[in-house]
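Student: structure, please.
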Amino acid sequence: MDRQGIDQADVYFNSPGGSLLAGMAIGRFLRDRGFDTHVGTRTSAADRPAAGVCYSACPFAYAGGVQRSLREGSVLGVHQARNRVPVADEEAFERRLEADATRYLVEMGVSPAMLDYMQAVRPGGIRVLTRDEAVAFGLVNTGISSGR
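Tutor: Prediction:
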């Protein structure tokens, strides 16, 4: 990005999720560059993205945006983080992951209370955050946008 001279960008997320660690790395990359994030998907009219979804680890990447908006009709969803790689001490790994996720959310201006919501989701489920919840957590910090 730096070599291409991109000093401002609006990044749109439409993702079912992925790795929590990768989500945090993407979020830090976006924050370091001062980019804004939105939940939405590309359409044939580049200036009019449609609603999108941002589930699982996606809200962590999205949290890296300096300004974070939620397109009308778009959703943010969270669930329990699950380790899929064998580790010697699963309990220690889970504690470390929770500490890292907490630190990351605080760095991004998002309440770590969001982790409690994540932990309350039954395995295999997704909890879609209401707009009020997303704003209360500080995950959405510019309200709902209808266009940009």
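Student: which residues are in contact with residue 7?
Tutor: Taking CB atoms under 8 Å, 6 or more residues apart in numbering, we find residue 7 in contact with 33, 34. For glycine as for every other residue, the C-beta is placed from the backbone atoms N, C-alpha and C.
Student: for it, what are phi and psi?
Tutor: Phi and psi for residue 7, reported as degrees, to the nearest 10, are phi -110, psi 0.
Student: which strands and helices lie in contact with the helix ranked longest in the chain?
Tutor: Assignment by DSSP state H gives helix 90-107 as the longest helix of the chain. Secondary-structure packing of helix 90-107 (3 or more CB pairs under 8 Å, 6 or more residues apart in numbering; DSSP states H and E): helix 20-33, helix 58-62, helix 114-119.
Student: got the contact list for that helix?
Tutor: Residues from elsewhere that reach helix 90-107 (CB under 8 Å, 6+ apart): 20-21, 24, 27-28, 31, 60, 63, 81, 83, 87, 111-112, 114-115.
Student: go on, stretch 27-38?
Tutor: By CB under 8 Å, 6+ apart, the residues outside stretch 27-38 that reach it are 1, 6-13, 49, 60-71, 74, 104, 107-108, 145, 148.
Student: before we move on, the earlier item: next, the buried residues of the longest helix of the chain.
Tutor: Across helix 90-107, burial judged by 16 or more other CB atoms under 10 Å covers 101, 104, 105.
Student: swap in stretch 67-83?
Tutor: Of the residues in stretch 67-83, those buried (16+ other CB under 10 Å) are 68, 69, 70, 71, 74, 75, 76, 77, 78, 79, 81.
Student: the fourth one contacts residue 39, doesn't it?
Tutor: Right, residue 71. Yes. Here residue 71 reaches residue 39: they are 5.9 Å apart, a contact under CB atoms under 8 Å.
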